[in-house]
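In: What would the 3D arrangement of this be:
(2 chains)
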Amino acid sequence: MIAREDIDRIVPALRRTAQALCAGPDAVALGDEICRDAIRRTLRSQPPPPEQVRLEVWVTVILVDSAREAVTRRPSQVAFAAPDPAADGLRERVSMALAALTHEEREALVVVSLARFSYIEAAAALGLNMAQLMQTLTHARDRFAAALGQRGRARRDPSHLRVVK
Amino acid sequence: MSGSASERPSERDLHAMIDERLDRRRARELQDWLAGEALRDERFGAWKRGLDAMRAAYDPILEETPPLYLSLAARASVAQAERATPSPPAPAPPQGDRGGAAREALIALGSFLIGAAAALALTSAAKHFVDPAHPSIFKAGADTLASIWRLIASVF
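Out: Below is the predicted model of the structure:
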C-alpha cells in the first residue's frame, strides 16, 4: 500500500520531470495533468517494494508513458510564441530546445540529468539497455546543446526570431 | 571505467563526467583527455552548458507549492484506493448461518416487549397513586401513558 505522504513527498520532483517531458508553451498545465494521471495509475498499480525500486522511479515509468500520450495528442496549433526580450525566459528557451528533441532523447535527458536517476534506474524506467541509453543520451546532448545554442544566437539577434503561430 | 589520460574514455564515462558521477581521480583524467583536443573539449563544454541551463530552468519547480487540485487528487485517489482494497476481513456471517437474522428479530421483539411492560407498569402505578378526585398533571400523564399502551396493544 502506498502512503499518501510518500506520494506528496515526490510530487514536486514529478512536476519538474513532467513539465520537462511536456516541453512546450502548455507544459505547466499539461505537466500537472499527466502528474495527476500518473499518480492515479500508480495507486491502482502494484509497485514493487521500495527497497527494490524507488517509488519515484516507478511513478516515472508511468509518467513517461502519460507524457508520450499527452504530447502526441497535443493540438497542432499549440506553438511557441516569440520569447519576450524583456524577460529572462530561461525556462522558455530550454523548453523550446527540449521540444526539438525526439521523445526518446528528451526522456533520456530529463530522467538522467534533471531527475538524477542512476543510469541503471534510467535504463530500466525507459526500457533500454545500457548501451542504448548511452547512445540516446549522446544524441540528446548534442541536439539539445545545438538547439540551445541556436536559440541563444537567435535571442542575441532578434531579427532571426522565428514566430510560430 | 579504466584508462589513462591518453586513452579514449567510454561513452558512459563521458556522461558520468557531465552528471558528476565520477570519482575525483577519474574526473581529472578525463579533463586531461578533453583538454588534449579543442573540438572535443568544446563539445563537452556545450553538453555541460546544456545541463546547467536545464537544471537552472526547471529545478525552481521543486520550491513551488504544487497546485491544490493535484494534492487533493492524490488524497482522493488514496482514499479511493483504500476503499477499493479489501480491508481487514470483516467477520462475514457464515453462509449457512440462517439463524442470524432470526436472532436479531428476536432481540428486537424482546426489547419492545420489555419497553411495553415498563409502560404498563408506569400506567398502573400512576393510576394507583393519583387521587381521582383531584386530577392533576400526574393524572394527565397517566392517561397519556394508558393511551400509548392501548395503542401498542392494538398493534398486536
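In: which secondary structure element contains the closest residue in space to residue A:21 that isn't next to it in sequence?
Out: Among residues not flanking residue A:21 along the chain, residue A:67 sits closest, at 3.9 Å (CB to CB, 6 or more residues apart in numbering or on different chains). Quick note: C-beta positions are derived from backbone N, CA and C, even for glycine. Secondary structure assignment for residue A:67, by DSSP states H and E: helix A:55-72.
In: quick one, helices of chain A?
Out: For chain A, the helices defined by DSSP state H occupy A:4-21, A:27-44, A:55-72, A:90-99, A:103-109, A:119-126, A:130-156.
In: Turn those helices into a markdown table, columns for distance to residue B:84 and mean pLDDT.
Out: Listed next are those as a markdown table, based on distance: least, CB to CB, whole Å; pLDDT from 0 to 100:
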| stretch | distance to residue B:84 | mean pLDDT |
| --- | --- | --- |
| helix A:4-21 | 15 | 92 |
| helix A:27-44 | 8 | 91 |
| helix A:55-72 | 18 | 92 |
| helix A:90-99 | 37 | 92 |
| helix A:103-109 | 31 | 96 |
| helix A:119-126 | 26 | 95 |
| helix A:130-156 | 36 | 85 |
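In: Can you check which of these gets nearest to residue B:59?
Out: Nearest of the helices of chain A to residue B:59, taken as CB to CB: helix A:4-21 at 7.0 Å.
In: Distance from the chain centre to the closest one, please.
Out: In terms of CA atoms, centre = their mean, to the nearest Å, the centre of helix A:4-21 is found 12 Å from the chain centre.
In: Not counting it itself, show me its contacts.
Out: Counting contacts by CB atoms under 8 Å, 6 or more residues apart in numbering or on different chains, the residues outside helix A:4-21 that touch it are A:27-28, A:30-32, A:34-35, A:38-39, A:42-43, A:55-56, A:59-60, A:63-64, A:67, A:71, A:95, A:98, A:106-107, A:110-111, A:114-115, B:54, B:58-59, B:61-64, B:66, B:70-71, B:74-75, B:78.
In: Serialize the helices of chain A to CSV and add fields for mean neighbour count.
Out: Formatted as CSV, those follow (neighbours: other CB atoms under 10 Å in any protein chain shown):
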stretch, mean neighbour count
helix A:4-21, 21
helix A:27-44, 21
helix A:55-72, 20
helix A:90-99, 21
helix A:103-109, 22
helix A:119-126, 19
helix A:130-156, 18
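In: For these, give me a markdown table that also has distance to residue B:20.
Out: Listed next are these as a markdown table, based on distance: least, CB to CB, whole Å:
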| stretch | distance to residue B:20 |
| --- | --- |
| helix A:4-21 | 18 |
| helix A:27-44 | 26 |
| helix A:55-72 | 19 |
| helix A:90-99 | 19 |
| helix A:103-109 | 15 |
| helix A:119-126 | 13 |
| helix A:130-156 | 14 |
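In: who's in contact with the closest residue to residue B:11 other than its chain neighbours?
Out: Residue nearest to residue B:11 in three dimensions, not counting chain neighbours: residue A:134, with 4.5 Å by CB to CB, 6+ apart. For residue A:134, the contact set (CB under 8 Å, 6+ apart) comprises A:119, B:11-12, B:15.
In: For residue A:134, give its distance to residue A:122.
Out: Using CB to CB, to the nearest Å, we find residue A:134 at a distance of 10 Å from residue A:122.
In: Also residue B:32?
Out: Note on residue B:32: its distance to residue A:122, by CB to CB, is 28 Å.
In: Low-confidence bits of chain B, can you list those?
Out: Applying pLDDT under 70 to chain B flags residues B:1-6, B:72-78, B:85-156.
In: Contact residues of it facing chain A?
Out: B:11-12, B:14-16, B:18-19, B:43, B:46-47, B:49-51, B:53-59, B:61-64, B:66-67, B:69-71, B:73-75, B:77-78, B:80-82, B:85 (CB under 8 Å from any CB of the partner chain).
In: Select only the buried ones of the residues you listed in ChimeraX?
Out: Buried residues within the residues of chain B next to chain A, by 16 or more other CB atoms under 10 Å in any protein chain shown, are selected in ChimeraX with:
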select /B:12,14,15,16,18,19,43,46,47,50,51,53,54,57,58,61,66,67,70,71,73,74,77,78,81
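In: Restricted to strands, list the residues of chain B next to chain A.
Out: Among the residues of chain B next to chain A, none falls in strands (DSSP state E).
In: re the thing from before, need the contact partners of the helix holding residue A:67.
Out: A:2, A:6-7, A:10, A:13-14, A:17-18, A:21-22, A:24, A:30, A:33-35, A:37-39, A:41-42, A:45, A:47-48, A:103, A:107, A:111, A:115, A:117, A:121, A:124-126.
In: wait, residue B:14 sits on residue B:43?
Out: No. Residue B:14 is beyond contact range of residue B:43, at 9.4 Å (criterion: CB atoms under 8 Å).
In: What residues does the closest residue to residue A:130 other than its chain neighbours make contact with?
Out: Among residues not flanking residue A:130 along the chain, residue A:123 sits closest, at 5.5 Å (CB to CB, 6+ apart). Neighbouring residues of residue A:123 by CB under 8 Å, 6+ apart: A:129-130, A:132-133.
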